[in-house]
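Colleague: Model the structure of this input:
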Amino acid sequence: MAKGFKAKDVAAQAGKCFLVTGANTGLGFETSKVLAAKGARVLMACRNEDKARKAMERIRMAVPGANLSYVHLDQADIGSVHDCAHRVIADEPRLDVLVNNAGVMFPPLERTAQGHELQFGVNHLAPFALTGLLLPKLAEVPGSRVVITSSLAHKGGNIDWDDLDAHKSYKRTQRYSDSKLMNLLHLLELDRRLKAAGSAVTAYACHPGFAKTDLDRHSGFFRVFFPLAGVIFNSAAQGAWPTLQAATAPDAVPGEFYGPQRLGGASGPSGISKRTDMARDPELAQRLWTISEQMTGVRYPLD
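Modeller: Numbers count the residues shown, from 1 in each chain. Presented below is the predicted three-dimensional model:
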């Protein structure tokens, strides 16, 4: 696998349909803009319709004739995840790639509609459910893909299995790292199950390095840090390169983790990225999978 993937390396995507969650800002917006410029139909799955439509207008200013559609998705509510999946299944003739991009970082203690700690619910349980619900639709298209967005922060992850919903304690930075570790464990078990079932669907993970996005809205440190470090680290557009590689590169390796290649994975063009031993632990991945099925009520059609 050659390193150094950038937006310019994305091939033509005419005829393909991508669902990008959290598409109105940051990495999701930049990913959607590039895919639209390459001729893809992009379903922009967002919580706020007004913000989504304004983002669509911005993309159409840069890409006249962009094929875009808004789909409502609130990842803090599994009911909304079901509604989003059902709409895509009913309305779209095909779905080639699901890009699980939306997430939250460092919020104060909040809970989803189902009572789960917000970062656990939004960053892991919702993508787990959405992927499972859309898997039959993806399986209809040869070469379809699932992309799961993780983070360098997964390296600090250490899941508290006895307190997943933070009823005993809550440290927001730790819970974020835990959720990003869960993303990679989700990928590990999903990749294993897809291959075991002989599925035509393949799965990948990615991370943006240190990229300036709206995820920093709950962190005063990052709001100050990124403008000062912007010349060193990635912009949101550059942070989207690993997502684009995982979603489109013909030679992307199923089950791999893509991220920036410079400054220890903090910036630069995309290639295969390192992950911790914990993120490669199959027993942890299976344990998380079972718990996620129980908490979401979603079972993947891969048995």
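
Colleague: Next up, the contacts around Ala197.
Modeller: Residues near Ala197 by C-beta atoms under 8 Å, 6 or more residues apart in numbering: 302-303. The C-beta positions use only the backbone N, C-alpha and C, and glycine is treated the same way.

Colleague: Off-centre distance for stretch 153-171?
Modeller: How far stretch 153-171 lies from its chain's middle: 20 Å, per C-alpha atoms, centre = their mean, to the nearest Å.

Colleague: for this structure, what spans make up the strands?
Modeller: Here the chain has its strands, by DSSP state E, at 17-21, 41-46, 67-72, 97-100, 145-149, 202-206, 257-262, 267-272.

Colleague: looking at these, which is buried most?
Modeller: strand 97-100 (a mean of 30; mean count of other C-beta atoms under 10 Å).

Colleague: who's in contact with it?
Modeller: Contact with strand 97-100 is made by 16-21, 28, 31, 127, 130-131, 134, 138, 144-149, 243, 247-248, as judged by C-beta under 8 Å, 6+ apart.

Colleague: Give the buried residues for stretch 246-259.
Modeller: Across stretch 246-259, burial judged by 16 or more other C-beta atoms under 10 Å covers 246-249, 252, 255-259.

Colleague: Ala12 contacts Lys38, doesn't it?
Modeller: Yes. Counting by C-beta atoms under 8 Å, Ala12 does reach Lys38; the two are 5.6 Å apart.

Colleague: who has more neighbours, the two?
Modeller: Lys38 (19 against 10; other C-beta atoms under 10 Å).

Colleague: where do the helices sit along the stretch 51-200 of the chain?
Modeller: Using DSSP state H, counting those that start in this stretch, the helices of the stretch 51-200 of the chain run over 78-91, 118-120, 126-139, 172-197.

Colleague: Including mean pLDDT and distance to Ile59, could these go into JSON lines?
Modeller: Below are those laid out as JSON lines (pLDDT from 0 to 100; distance: least, C-beta to C-beta, whole Å):
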{"stretch": "helix 78-91", "mean pLDDT": "98", "distance to Ile59": "19"}
{"stretch": "helix 118-120", "mean pLDDT": "98", "distance to Ile59": "28"}
{"stretch": "helix 126-139", "mean pLDDT": "98", "distance to Ile59": "22"}
{"stretch": "helix 172-197", "mean pLDDT": "98", "distance to Ile59": "26"}
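
Colleague: mind putting the ones you listed in TSV, distance to Asp281 included?
Modeller: Converted to TSV, the helices of the stretch 51-200 of the chain look like this (distance: least, C-beta to C-beta, whole Å):
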stretch	distance to Asp281
helix 78-91	26
helix 118-120	18
helix 126-139	17
helix 172-197	7
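
Colleague: of all the ones you listed, which lies closest to Ala203?
Modeller: Closest approach to Ala203 among the helices of the stretch 51-200 of the chain (C-beta to C-beta): helix 172-197, 4.7 Å.

Colleague: angle of that closest one against strand 202-206?
Modeller: In terms of direction (axes from the mean of the first three to the mean of the last three C-alpha atoms, to 10 degrees), helix 172-197 departs from strand 202-206 by 160 degrees.

Colleague: any low-confidence regions in the stretch 101-250 of the chain?
Modeller: Along the stretch 101-250 of the chain, segments meeting pLDDT under 70 span 212-232.

Colleague: cutoff 50 now
Modeller: 218, 225, 229 (pLDDT under 50).

Colleague: Please give me every residue in contact with the nearest residue to Ala126 once chain neighbours are set aside.
Modeller: Excluding its sequence neighbours, the residue lying closest to Ala126 (C-beta to C-beta, 6 or more residues apart in numbering) is Gln75, at 3.6 Å. Taking C-beta under 8 Å, 6+ apart as the criterion, Gln75 is in contact with 21, 47, 81, 102-103, 121-122, 126-127, 130.
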